[in-house]
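Peer 1: Structure, please.
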Amino acid sequence: MITYKLILLFSILALLFSCNNDKVKRKNEIKRVVFATGRCYGNCPIQAIDIDSSMKVRYHGVKHTDSVGFFIGNITSEFWDTLNIKLENVNYKQLDTTYEHSVDDLSTEIYIYYNNKVKHINGQSASLPDSIMTVYQWLMQKIKHLKMHPIKDSLTFPTSIEKPLPKMGTIKFIQPAVDGKR
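Peer 2: Numbering: from 1, shown residues only. The predicted model follows:
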């Protein structure tokens with residue numbers, strides 16, 4: 001009976017010691033993800049989000065966003081792992097690079113940096129695969145809850161669609177001459 005109790009005790013101890021509370025770090029192939037959205041015929045958000053494997057997030061809200069300006073913050077490893085898993089599940093490497101079947105909806109640009117390569121995807125939101133838009137919508141919801149603080153310096157992003165349109169001066173129209181008079 002004592003032998004049975006000792007075997008049971010050692011089995012329980014071995015099981016407890018084999019269960020390590022330290023999380024196993026996931027080996028993510030993706031090193032950086034940049035999403036940007038831009039102009040449309042309406043009030044589409046003009047913004048850029050840059051997240052990398054160092055757990056840093058950089059954000060630029062230009063127009064029609066909850067946060068306008070430049071912001072930086074941090075993400076958790078769980079957030080980073082989830083973003084990686086979501087992008088892996090959409091087979092990002094096999095996606096086309098251009099989706100341009102419409103012209104009047106949200107412009108979207110995505111850069112995925114992996115294995116010293118870059119997957120650049122751009123297009124209109126209605127043209128993008130639903131799986132990519134699902135990842136984008138998930139990211140937009142999560143970004144709202146991140147602790148980011150504004151910075152005075154500007155940030156640069158590899159994207160182009162979130163750049164504000166240049167200010168235009170006043171355009172003067174000249175009336176055509178009627179019978180030699182203006």
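Peer 1: Any stretches of this structure with poor pLDDT?
Peer 2: For the chain, the stretches flagged by pLDDT under 70 are 1, 3-24, 101-104, 161-172, 179-182.
Peer 1: where exactly do the helices run in it?
Peer 2: For the chain, the helices defined by DSSP state H cover 2-18, 77-89, 130-143.
Peer 1: now the angle from the last one to helix 77-89?
Peer 2: With axes from the mean of the first three to the mean of the last three CA atoms, to 10 degrees as the basis, helix 130-143 and helix 77-89 are set at 170 degrees to each other.
Peer 1: Now helix 130-143: buried residues?
Peer 2: Across helix 130-143, burial judged by 16 or more other CB atoms under 10 Å covers 132-133, 135-136, 139-140, 142-143. For the C-beta atoms, the positions are set from N, CA and C on the backbone; glycine is no exception.
Peer 1: Dump these to JSON lines, plus distance to L83.
Peer 2: Output for those, formatted as JSON lines (distance: CB to CB, whole Å):
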{"residue": "I132", "distance to L83": "13"}
{"residue": "M133", "distance to L83": "15"}
{"residue": "V135", "distance to L83": "8"}
{"residue": "Y136", "distance to L83": "11"}
{"residue": "L139", "distance to L83": "7"}
{"residue": "M140", "distance to L83": "12"}
{"residue": "K142", "distance to L83": "8"}
{"residue": "I143", "distance to L83": "11"}
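Peer 1: Show me which of those residues is closest to E29.
Peer 2: Nearest to E29 among the buried residues of helix 130-143: V135, at 15.7 Å, using CB to CB.
Peer 1: correct me, but that closest one touches V90?
Peer 2: Yes - counting by CB atoms under 8 Å, V90 is a contact partner of V135 at 6.3 Å.
Peer 1: Name the residues contacting each of these two.
Peer 2: Shared contacts of V135 and V90, defined by CB atoms under 8 Å, 6 or more residues apart in numbering, are absent.
Peer 1: Quick test: name the residue nearest the centre of this protein.
Peer 2: For the chain, the residue lying nearest the average C-alpha position, counting by CA atoms, centre = their mean, turns out to be F35 (3.9 Å).
Peer 1: Next, the contact list for that one, please.
Peer 2: By CB under 8 Å, 6+ apart, the contact list for F35 reads 48-49, 108-110, 136, 139.
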